[in-house]
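**Student:** quick one, fold the following:
(chains A, B, C and D)
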Protein chains: 2
Amino acid sequence: MTALADPTRRALIEGLRNGPLPVCDLARTVPVSRPAVSQHLRVLTDAGLLVVAQHGTRRLYSIAPDGVAELRAYLDHLWDDALTCFARTASQEAARTDAKSAPPPKGLRLNNVRH
Amino acid sequence: MTALADPTRRALIEGLRNGPLPVCDLARTVPVSRPAVSQHLRVLTDAGLLVVAQHGTRRLYSIAPDGVAELRAYLDHLWDDALTCFARTASQEAARTDAKSAPPPKGLRLNNVRH
DNA sequence: AAACTCTGTCAGTCATGACTTACCGTAAGT
DNA sequence: ACTTACGGTAAGTCATGACTGACAGAGTTT
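**Tutor:** Numbers count the residues shown, from 1 in each chain, chains lettered A, B, ... in the order given. Next up is the predicted model:
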């Protein structure tokens, strides 16, 4: 997740959406030096988001579906939890305003509930 | 995406998976000071990943499904592209080794194809 | 109203990491 | 063999941002 934090790294990923590319071509798509690109590619590869294939002096980088799938799964679960939690909070809200026939929450009586 | 880069921020998100929580409770789940938590919560809220509900002096933070959905969509598209690209590369590989009946790639003849 | 709790913000420090230049190894072309 | 292209690594600089303590404002309780 930290690997996708840097905008330059995201730009490199974007550059690889259409297919594998060698470092020299990739470096031309971002406004930083080639060594910087190498360092970013290393971070992305270590994170499992890219894979490399050596062809002569060139190294073709491409997106690793498995690595992306991992992040996807994380966000999927997070999203599920957020939705169920949202639904539960909403139903509780409805039940409460139902029972007490709409007195403004105002304080919500959860102060000083130190355990 | 940068919002989820920091491990402390991810820990805060994790703490909210089970439901909304005030800052003081949230701060107890991470090994940093309360002001630091406030700052992280601001970043996450600005990123659209959290929403706040004021209840008296307390501010209940909860995960915003919409914000998570946005990241999810980004990774979904990235994953799709990676898969199709992977499939295309694989089929090209197969076609090439089919046609030339398995001579080792060794160089791949894509050097000096400067446009 | 006074004391207390909850929380955001400010100023300042410090560590992380993004970037550059220089260099070296490797493979391919002449 | 010599040259050139490709690309990783090292050392060093610098900016970003994560963190802390101090403070202020708003709401609650007594």
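
**Student:** got the domain boundaries for chain A?
**Tutor:** Here the domain parsing of chain A from automatic domain parsing is A:2-63, A:65-101.

**Student:** switch those domains over to a markdown table; also include mean pLDDT, mean neighbour count and distance to chain B.
**Tutor:** (C-beta placed from N, C-alpha, C; glycine too.) Formatted as a markdown table, those follow (pLDDT from 0 to 100; neighbours: other C-beta atoms under 10 Å in any protein chain shown; distance: least, C-beta to the nearest C-beta, whole Å):
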| stretch | mean pLDDT | mean neighbour count | distance to chain B |
| --- | --- | --- | --- |
| domain A:2-63 | 96 | 17 | 3 |
| domain A:65-101 | 80 | 15 | 4 |
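
**Student:** how about TSV for those domains, with distance to DNA strand C added?
**Tutor:** TSV is the format used below for the domains of chain A (distance: least, C-beta to the nearest atom of the strand, whole Å):
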stretch	distance to DNA strand C
domain A:2-63	3
domain A:65-101	16
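
**Student:** so which of the ones you listed gets nearest B:Gly15?
**Tutor:** Nearest of the domains of chain A to B:Gly15, taken as C-beta to C-beta: domain A:65-101 at 11.5 Å.

**Student:** could you find the closest non-adjacent residue to A:Arg17?
**Tutor:** Once flanking residues are discounted, A:Arg17 sits nearest to B:Asp81: 4.4 Å by C-beta to C-beta, 6 or more residues apart in numbering or on different chains.

**Student:** ok, that neighbour - contacts?
**Tutor:** A:Arg17, A:Asn18, A:Ile63 (C-beta atoms under 8 Å, 6 or more residues apart in numbering or on different chains).

**Student:** wait, doesn't the second one sit right on B:Cys85?
**Tutor:** Okay, so that is A:Asn18. Yes: proximity of A:Asn18 to B:Cys85 meets the contact threshold set by C-beta atoms under 8 Å, at 6.9 Å.

**Student:** re the thing from before, out of the domains of chain A, nearest to B:Val51?
**Tutor:** domain A:65-101 (9.4 Å).

**Student:** can you give me the strands for chain A?
**Tutor:** Ranges of strands in chain A, per DSSP state E, are A:21-22, A:50-55, A:58-63.

**Student:** do the shortest one and DNA strand D meet at all?
**Tutor:** Yes: legend: contact between strand A:21-22 and DNA strand D by C-beta under 7 Å from any atom of the strand is shown at A:Pro22.
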